[in-house]
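Enquirer: fold the following.
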Amino acid sequence: MVSRSLLLILSLAAGLLVSPPAFAQEDETGVGQAYVEGGGVFGAGTHGVAALGLAAPVAKYLAPFIEFAYAPLGSYAFTYGLNETGKGLYRSGLIDVNGGIDIRFPNKTHWVPYIGLGAGLLHFSASSYTSGFNSTATINQTRSEFAGSGSLGALYYFTSHVGLRAEVKGYGASDNRLARVTAGVFYQFP
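Expert: Residues are numbered from 1 along each chain as shown. Next comes the predicted model:
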């Protein structure tokens, strides 16, 4: 039996495929663009990442953006002690909040390549919870760093409002160098 969610996704995909194509509307100002992406982050190991953002073109070639991303860096359970009667759980993650400007290169096709420059905050967190031997302990560690970023990406318009985006973004901070590769969908409004 096919689930309702799968039917909805397939219906949306079919609607996008048969809707009349439109050339990219990137030269419009006064519009917004919301996007959601998934992919991987590299440089602190290799981990999945989810991102969402907003962009608002202010000129044919310039689109300021703000973005939020989360990457779970690790999670595992462990035991300790002579008889391994103590139990523990370790979790870590990365939150990325950044903004900047995308410099777009519109053309006569559905593709709009761009480069981006930005800056933001990388927030690393780690927690260790242990219990056993008549005691419990929680250790939380966090560190935030200012980071500059550069990106290379492309938008592909299915219609004047809906499309795909793909991006490679590199981060440079005082203690970390990271790369993020993502792909997702966008919706341009109004």
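
Enquirer: what's the burial count for the closest residue to Ala59 other than its chain neighbours?
Expert: Ranked by C-beta to C-beta, 6 or more residues apart in numbering and with sequence neighbours excluded, the top spatial neighbour of Ala59 is Thr29, at 6.5 Å. Glycine gets a C-beta too; all of them are placed from N, C-alpha and C. Thr29: 12 surrounding residues under other C-beta atoms under 10 Å.

Enquirer: after the lowest-mean-pLDDT helix or strand in the chain, which helix or strand is next?
Expert: Least confident element among the helices and strands of the chain, by mean pLDDT, DSSP states H and E: helix 4-18 (a mean of 54). Using DSSP states H and E, the helix or strand that follows helix 4-18 towards the C-terminus is strand 32-42.

Enquirer: which residues touch whatever helix or strand comes next after that following strand?
Expert: Downstream of strand 32-42, the next assigned helix or strand under DSSP H and E is strand 46-55. Here strand 46-55 makes contact (C-beta atoms under 8 Å, 6 or more residues apart in numbering) with 32-41, 63-74, 94, 96, 102, 180, 182, 184.

Enquirer: so strand 46-55 versus strand 32-42, what angle?
Expert: Interaxial angle, strand 46-55 versus strand 32-42 (axes from the mean of the first three to the mean of the last three C-alpha atoms, to 10 degrees): 160 degrees.

Enquirer: which parts of strand 46-55 are buried?
Expert: With burial defined by 16 or more other C-beta atoms under 10 Å, the residues of strand 46-55 counted as buried are 47, 49, 51, 53, 55.

Enquirer: what lines up beside it in the sheet?
Expert: Here strand 46-55 has these sheet partners by DSSP bridges: strand 32-42 (antiparallel), strand 62-80 (antiparallel).

Enquirer: deepest-packed of those, please.
Expert: Each of the strands paired with strand 46-55 was scored by mean neighbour count; the highest is strand 32-42, a mean of 17, by mean count of other C-beta atoms under 10 Å.

Enquirer: what sits up against it?
Expert: Residues outside strand 32-42 that contact it (C-beta under 8 Å, 6+ apart) are 46-57, 63, 71, 94, 165, 167, 178-190.

Enquirer: flag the shaky bits of the chain, pLDDT-wise.
Expert: In the predicted model, the chain carries pLDDT under 70 at residues 1-28.

Enquirer: beta-bridge partners for the residue most central in space within the chain, please?
Expert: Centroid check for the chain by C-alpha atoms, centre = their mean gives Ala51 as the closest residue, at 2.3 Å. In this entry, Ala51 is beta-bridged to Glu37, Ala69, by DSSP bridges.

Enquirer: Ile115 too?
Expert: Beta-bridge pairing for Ile115 (DSSP bridges): Ile103, Leu152.

Enquirer: can you check the one 4 residues further on too?
Expert: For Ala119, the beta-bridge partners are Gly99, Gly148 (DSSP bridges).
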